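Q: With the input below, show me the fold.
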Amino acid sequence: MNFTNEMMERYSRHIILKEVGVKGQIKLLNAKVLVVGTGGLGSPAAMYLGAAGVGTIGLVDFDQVDLSNLQRQIIHQTKDVGKPKVQSGKETIHAINPDVNVVTYNEWIRADNILDIIKDRDYDFILDCTDNFPSKFLINDACVITKKPFSHAGIIRFQGQTMTYVPGQGPCYRCVFQNPPSPDAVPTCRQAGVLGVMGGVIGTLQASEALKYILGVGGLLTGALLTYDALRMEFRKIKLGKVENCAVCGKHPTITRLTDYGQAPCDLKGAAERQKPC
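A: The predicted structure is shown next:
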């Protein structure tokens, strides 16, 4: 890659970091990250990945920008209402950094297309920025089967959580939550509400995990669930163990093909209440 003077100036604050330098920045410029969902979590994550110089960013979403999105989905603006979210997201990333290659997938992820999307650019890291359980389980299973690292996250009300899966290192999402809940078992953000900045707090943590993985520096949230309570201003790091008989990442997996689940809303109940803090 021809590292230009303009790149040297744009990424100067990265380059002076001994953990990054020119070699690390070139790693980022050659990297490919897939962001599934361009809403509250995906908005800040994708924007920071673009600003950081991740060379290829894939955006997956089939929704259109709605006025109610703008309270938290900062990649979209008022002028974008009615526009496909992936298009709005691409335009914003290009406005920040025109050198980034943004690949858009204006479609819902399903069992019959997610592997093709992941393989389309052979993405190095996947961000699960979706807001429903079926998508989260589908992303987990697809990443485990294809041996791709990914960051999970969820937000609702004043709470957020995130964890990272790396093949061969710690538990997957299904180790922790096992199976999707029944439909209507827990409220959606539309029903329960969400503080707008929650996406910024948790989404930028996801972007940080992706950057550290690409650079090969620091520690990742493998084997741990990081939770955040904005009302109490408390972070907790909860130790998680790999489940040996996990249906997808265990020694004898029973899930070897992807399945679409009925749409069920996402909440943060479950493992965080059952596990002990680190």
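
Q: And what about residue 108, helix, strand or coil?
A: coil (DSSP: H, G, I helix; E, B strand; the rest coil).

Q: How many neighbouring residues does it have?
A: Applying other CB atoms under 10 Å, we find 14 residues neighbouring residue 108. For every residue, glycine as well, the C-beta is placed using N, CA and C.

Q: low-confidence ranges in the stretch 101-250 of the chain?
A: Scanning the stretch 101-250 of the chain for pLDDT under 70 picks out the ranges 182-191.

Q: show me where the stretch 101-250 of the chain has helices.
A: 114-120, 133-146, 173-177, 189-192, 198-215 (DSSP state H, counting those that start in this stretch).

Q: Now that we have the ones you listed, can you turn them into JSON lines and tack on distance to residue 22?
A: JSON lines is the format used below for those (distance: least, CB to CB, whole Å):
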{"stretch": "helix 114-120", "distance to residue 22": "29"}
{"stretch": "helix 133-146", "distance to residue 22": "30"}
{"stretch": "helix 173-177", "distance to residue 22": "35"}
{"stretch": "helix 189-192", "distance to residue 22": "41"}
{"stretch": "helix 198-215", "distance to residue 22": "12"}
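
Q: who wins for proximity to residue 82 among these?
A: Closest to residue 82 of those, according to CB to CB: helix 189-192, at 18.5 Å.

Q: What segments of this structure are strands?
A: With DSSP state E, the ranges of strands along the chain come out as 32-36, 56-60, 101-105, 125-128, 150-156, 159-165, 224-229, 234-239.

Q: quick one, the third one and strand 32-36 angle?
A: It stands for strand 101-105. Strand 101-105 runs at 30 degrees relative to strand 32-36, counting by axes from the mean of the first three to the mean of the last three CA atoms, to 10 degrees.

Q: excluding its backbone neighbours, what's nearest residue 202?
A: residue 160 (3.9 Å; CB to CB, 6 or more residues apart in numbering).

Q: for that neighbour, what are its contacts?
A: Contacts for residue 160 (CB atoms under 8 Å, 6 or more residues apart in numbering) come out as 153-154, 198, 201-202, 227-228, 230, 268.

Q: among these, which ones are buried?
A: 153-154, 198, 201-202, 227-228, 268 (16 or more other CB atoms under 10 Å).
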